[in-house]
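Q: I would like the atomic coordinates for the input below:
(one chain, ligands or ions: 1)
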Amino acid sequence: QGIPLGLGHAVSMAEAHVGNTPFVVMLGDDLIDARTPILPAMVAAGQAAGQSVLCLMEVDPADVGKYGCAAVEATADSDVMRVTGVVEKPSPGEAPSNLAIIGRYYLQPSVFQALAETTAGRGGEIQLTDAIAKLIDLPVNQGGGVLAVVLRGKRYDTGDKLSYLKSVISIALDRPEFGADLRAWLERHLGERG
Ligand code: G1P
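A: Down below sits the predicted model:
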């Protein structure tokens, strides 16, 4: 009662289904172009290291406050970075980088204990980012360690109405079965309005 249910709460609900195995979280409002998938690389890195893996994307520094933000350092593998800190929706000046956390996570089941120990954060919600911060400090043999891969492909944010509309239109324009018709319709429609 009174506590807004956030992403951290939603993920903790999965414990009964997931049990003691690594698992993937995919946020439905983050669409990643199927032609440039990122999950296979995340799962491979996570399985090889026995650690959790985040998906990061470079954003305009002015926009980083809309996301979780990660501090990273290089590893021997140029495609994989070690996460050294995370902050949920940092205020200006608080962001450790312009690397935003995107809605794909490969998580060790140790995150459930971390979530159970996480108190309300940004927006009064139990934040998944805050639980991930606890994993960074935990030894690997206790389910700790957080790595990251950077998304170079296209990602669409459908989290608000305008970005949802833009996402649907740009994805449809790229589809062979709709692209040409939709483009012609848009051009005609815009011409009539212009
Ligand atoms: C959630 C996460 C945030 C992440 C974002 C990606 O925020 O809390 O760390 O950067 O998803 O879309 P939300 O968009 O639910 O506010």
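Q: okay, and the beta partners of the residue in the chain positioned nearest to the ligand?
A: Sorted by distance to the ligand under Cβ to the nearest ligand atom, the residues of the chain start with residue 68, at 2.5 Å. C-beta here means a position set from N, CA and C on the backbone, and glycine is covered the same way. Under the criterion DSSP bridges, residue 68 forms beta bridges with residue 88.
Q: how many neighbours does residue 67 have?
A: Burial measure for residue 67: 23 neighbouring residues, criterion other Cβ atoms under 10 Å.
Q: hmm, it is touching residue 89, no?
A: Yes: applying Cβ atoms under 8 Å as the test, residue 67 and residue 89 come out as touching, 6.8 Å apart.
Q: give the contact list for the residue of the chain closest to the ligand.
A: When the contact criterion is Cβ atoms under 8 Å, 6 or more residues apart in numbering, the partners of residue 68 are 86-89, 100-101, 127-129, 132.
Q: quick one: contacts of whichever strand or helix holds residue 162?
A: When elements are assigned from DSSP states H and E, residue 162 belongs to helix 161-174. Helix 161-174 has contacts (Cβ under 8 Å, 6+ apart) with 31, 33, 156-158, 178-179, 182-183, 186.
Q: and which of the residues you listed is nearest residue 115?
A: residue 157 (24.4 Å; Cβ to Cβ).
Q: quick one: that closest one and residue 30 touch, right?
A: Yes: the pair residue 157 and residue 30 passes the contact test of Cβ under 8 Å, sitting 6.4 Å apart.
Q: close to the ligand: what parts of this structure are there?
A: By the rule Cβ under 6 Å from any ligand atom, the part of the chain lying against the ligand is 7, 27, 30, 67-68, 88, 100-103, 127-129, 159.
Q: could I get those residues as CSV with pLDDT, distance to residue 46 and secondary structure?
A: As requested, the residues of the chain next to the ligand are arranged in CSV below (pLDDT from 0 to 100; distance: Cβ to Cβ, whole Å; DSSP: H, G, I helix; E, B strand; the rest coil):
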residue, pLDDT, distance to residue 46, secondary structure
7, 94, 19, helix
27, 96, 17, coil
30, 95, 18, strand
67, 96, 21, coil
68, 97, 18, strand
88, 97, 21, strand
100, 98, 19, strand
101, 98, 15, strand
102, 97, 15, strand
103, 97, 16, strand
127, 97, 21, coil
128, 98, 16, helix
129, 98, 17, helix
159, 86, 25, coil
